[in-house]
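Chemist: The following comprises the amino acid sequence and a computationally predicted model.
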Amino acid sequence: MAIPISTSQTVRTTQRSLHGDVLALNGDDVDCSVSDHFERVADCIPDQIAVKTTRHQFTYGMLNSTANQIARALLAGNRAVDRPVTLLLERGAWLSAAILGVLKARGIYVVLNPLHPEARIQYILEDSQAPLMVTDSANFALARELTQNRLPLVNIDEIDPGLRSDNPGLPESAGGVASITYTSGSTGRPKGVIHSHRFLMHRRLAGKRLGIGVNDRVATVGSASSQFRSLLNGAGSFPWNVKEDGVALLADWLKYERITVFHAVPSVFRDFLAARFWLASSP
């Protein structure tokens, strides 16, 4: 029997009600900034898991405090406000903290994948005209090679732990630019697409309509911004890097982490089903 697949496929791995635990904050309001809404969520459920990977775990309170310190490190140089900030980090908890830190500093985040060809990363650096880059110790050497000392680097592993961790409180409108996402483009060259805070807040509504709420553990296998489907609804975001980790072990990981919602684009979902069928039919 064929499984219908549309623009995306969502599988809820438990039989709970889809409407029983949605975090009700401002109803369907999207006219606020991502950072403002996230801060309200973190204030409601500070001890709830926000992001978990095999190496790191942040509660909502920890994620908010860490993002605040990153924001203050960016504001110290006065280069983030209303400017693009590139993030050379692997997918995971620290990327989530860095994204929120940039937004709290009223910056515009641009995610760079360290595994992409250097030519692609160089093009994005030049096209975005970002005045600084956020990275970590694992990618610091690559960051220096890419920037050739032309840009200041902020190493999140070396941020002063004594920095204030309270919310910076910088106002931002829903129409303000939040991110620039680079696609391959029809010509093969990366093409920057600008997204507002309101656009990302619509990710929250998409998650809410899927029934995602505070008791959910959501497998995040899409773009970095797909995590807002979870984080802005109070759910736990569990990133899985399909390009690095593949799909063969995905089912075991879903079971181990007690994932309640698996949302993926059709290509990933098809590969997942194919891997499960192959494993089931193997001697």
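Modeler: Thanks, I have it.
Chemist: Tell me which residues of the host helix or strand of Leu200 come out buried.
Modeler: According to DSSP states H and E, Leu200 maps onto helix 197-209. Using 16 or more other Cβ atoms under 10 Å as the test for burial, helix 197-209 gives His197, Arg198, Phe199, Leu200, Met201, His202, Arg203, Arg204, Leu205, Ala206, Gly207, Lys208. Where you see a C-beta, it was placed from the backbone N, CA and C, and this is true even at glycine.
Chemist: How many residues are close by Trp253?
Modeler: Residues lying near Trp253 (other Cβ atoms under 10 Å) number 15.
Chemist: returning to that earlier point: got the contact list for the helix holding Leu200?
Modeler: Applying Cβ atoms under 8 Å, 6 or more residues apart in numbering, the contact partners of helix 197-209 are 22, 28-34, 37, 103, 172-176, 178-179, 218, 225-226, 228-230, 232-233, 235.
Chemist: Would you mind checking these for buried ones?
Modeler: When the contacts of helix 197-209 are checked for burial by 16+ other Cβ under 10 Å, the buried set is 22, 30, 32-34, 37, 103, 172, 174, 176, 178-179, 218, 225-226, 228-230, 232-233, 235.
Chemist: Isn't Ile159 up against Ala67?
Modeler: No. Taking contacts as Cβ atoms under 8 Å, Ile159 lies outside contact range of Ala67: 11.1 Å.
Chemist: Of those two, which one has the most company?
Modeler: Per other Cβ under 10 Å, whichever of Ile159 and Ala67 has more neighbours is Ala67, with 28 against 18.
Chemist: before we move on, the earlier item: give me the subset of the contacts of helix 197-209 lying in helices.
Modeler: Cross-referencing the contacts of helix 197-209 against helices under DSSP state H gives Val34, His37, Leu103, Phe228, Arg229, Ser230.
Chemist: Check the gap between the closest residue to the fourth one other than its chain neighbours and Thr260 for me.
Modeler: Same thing as Phe228. Leaving aside its sequence neighbours, Phe228 sits nearest to Arg203 (Cβ to Cβ, 6 or more residues apart in numbering; 4.2 Å). According to Cβ to Cβ, to the nearest Å, Arg203 stands 18 Å off from Thr260.
Chemist: For Gln129, which non-adjacent residue is spatially closest?
Modeler: Pro84 (6.7 Å).
Chemist: if we can go back for a sec, take the ones in helices among the contacts of helix 197-209 and lay them out in TSV including distance to Ala119.
Modeler: Below are these laid out as TSV (distance: Cβ to Cβ, whole Å):
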residue	distance to Ala119
Val34	31
His37	37
Leu103	28
Phe228	30
Arg229	32
Ser230	33
